[in-house]
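Novice: What follows is a predicted structure for the sequence shown.
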Amino acid sequence: MPQPLATRAPAKINLTLHVLGRRADGYHDLESLVVFAGTGDDLQLTPGSSLMLEVSGPTAPLAGSNADNLVMKAARLLAERLDGLKVGTFHLTKRLPVAAGIGGGSSDAGAALRLLGRLNGLPVSHPALREAARLTGADVPVCLETRARMMWGAGEELGPALTLPRLFAVLVNPRVPVETPAVFRALGLQPGQGLAATAHPAPDGPSLDVLLAMLEQTRNDLELPALKVQPLIGEALGLLRETDGCRLARMSGSGATVFGLYDDCEAAAKAAQGIRRLRPDWWVKATSLR
Ligand SMILES: C[C@@](CO)(OP(=O)(O)O)[C@H](O)COP(=O)(O)OP(=O)(O)OC[C@H]1O[C@@H](n2ccc(N)nc2=O)[C@H](O)[C@@H]1O
Ligand SMILES: Nc1ncnc2c1ncn2[C@@H]1O[C@H](COP(=O)(O)OP(=O)(O)O)[C@@H](O)[C@H]1O
């Protein structure tokens, strides 16, 4: 029996998300500082003659059919580009909330491409991996390598990997799915129309205080439209802001997951405990980001 290859598919967090404009193709040009969490899904690949997927874990029932899973989409797109690609059976352990603004499906797809790359001796910089990532979804290229970086366009332009201080965070999701297209629709931009976005510098090697000061000058432009689509996001942000030591509370991606940032892991753990007590049915995770 061949040994499985394994990798983590961490949650993606948009520390900033500026919408620069709506393009003629319906997508929106973004500017976003993306980081990755300690918490995530897990993906294994057991080499074999055909491409298959098994999904288990607490949020598996929410992730849709196996045929439509982004793991399979990414793998099929790669196989179409490389004759004789070695494949196998993926096993996805799904823990992240689905349709949650933390790119669970995109991170799973990025993980699938990493594992296929490893099995076939291809680096993540290989053009076929990059192309398969881009065609799988806007957030997949940034999830190919789970390093902090700036992302532009609809996710196809990436900056170099950034060194950031380890951030102690609490992620809160009210366990209500929020569909990304609905939030972009609620933003209501016409083709060619943009928002007055202040381009922000790529922070490389800042202290926590410098990074937080920079984050305070930035926004998530999808927060207001997402609040219209799902008002529980406002409640989640309010709960985070009331916790002791919360330095910044903001939504990630198109929501509904919101994050709070703290000085240390004790403050984050205590905040998570308090929110869990108030909302026992919500998904609440103390984690680190980098
Ligand atoms: C908003 C972001 C920010 O990181 O995160 P999530 O909320 O999904 O986590 C991403 O851009 C989401 O990326 P992803 O979820 O891969 O999007 P896709 O499946 O490619 O696109 C879904 C739909 O969202 C809209 N869309 C997506 C990305 C973008 N830059 N502009 C858009 O207008 C389009 O209506 C598109 O049809
Ligand atoms: N591996 C996967 N995990 C989660 N959702 C998936 C996956 N593959 C496909 N999907 C579909 O993708 C949609 C977006 O899910 P997800 O990636 O969790 O969103 P978000 O980027 O907003 O967190 C869901 O509606 C789901 O049906």
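Specialist: Yep, it's here. Ligands and ions are numbered 1, 2, ... in the order given.

Novice: wait, what's in contact with the closest residue to Leu51 other than its chain neighbours?
Specialist: Leaving aside its sequence neighbours, Leu51 sits nearest to Val87 (CB to CB, 6 or more residues apart in numbering; 4.4 Å). C-beta: built from backbone N, CA, C; applies to glycine. Contacts for Val87 were tallied using CB atoms under 8 Å, 6 or more residues apart in numbering; they are 47-51, 75, 79, 116, 119.

Novice: Local confidence estimate at Val87?
Specialist: Per-residue pLDDT puts Val87 at 98.

Novice: Okay, and the beta partners of Thr93?
Specialist: Beta-bridge pairing of Thr93 under DSSP bridges involves Asp42, Ser56.

Novice: Spit out the contact partners of it.
Specialist: 41-43, 56-57.

Novice: Excluding residues flanking it in the chain, which one is nearest the residue of the stretch 51-200 of the chain found nearest ligand 2?
Specialist: Closest to ligand 2 within the stretch 51-200 of the chain is Gly105: 2.7 Å, counting by CB to the nearest ligand atom. The shortest distance from Gly105 to any non-neighbouring residue, by CB to CB, 6+ apart, is to Leu70 (4.2 Å).

Novice: before we move on, the earlier item: can you report how many residues lie near the residue of the stretch 51-200 of the chain closest to ligand 2?
Specialist: Residues lying near Gly105 (other CB atoms under 10 Å) number 28.

Novice: again with Val34
Specialist: If we define neighbours as other CB under 10 Å, then Val34 has 27 of them.

Novice: cool, and Gly110?
Specialist: 32.

Novice: Begin at 25 from now on, thanks
Specialist: Sure thing, new numbering starts at 25, so read that last one as Gly134.
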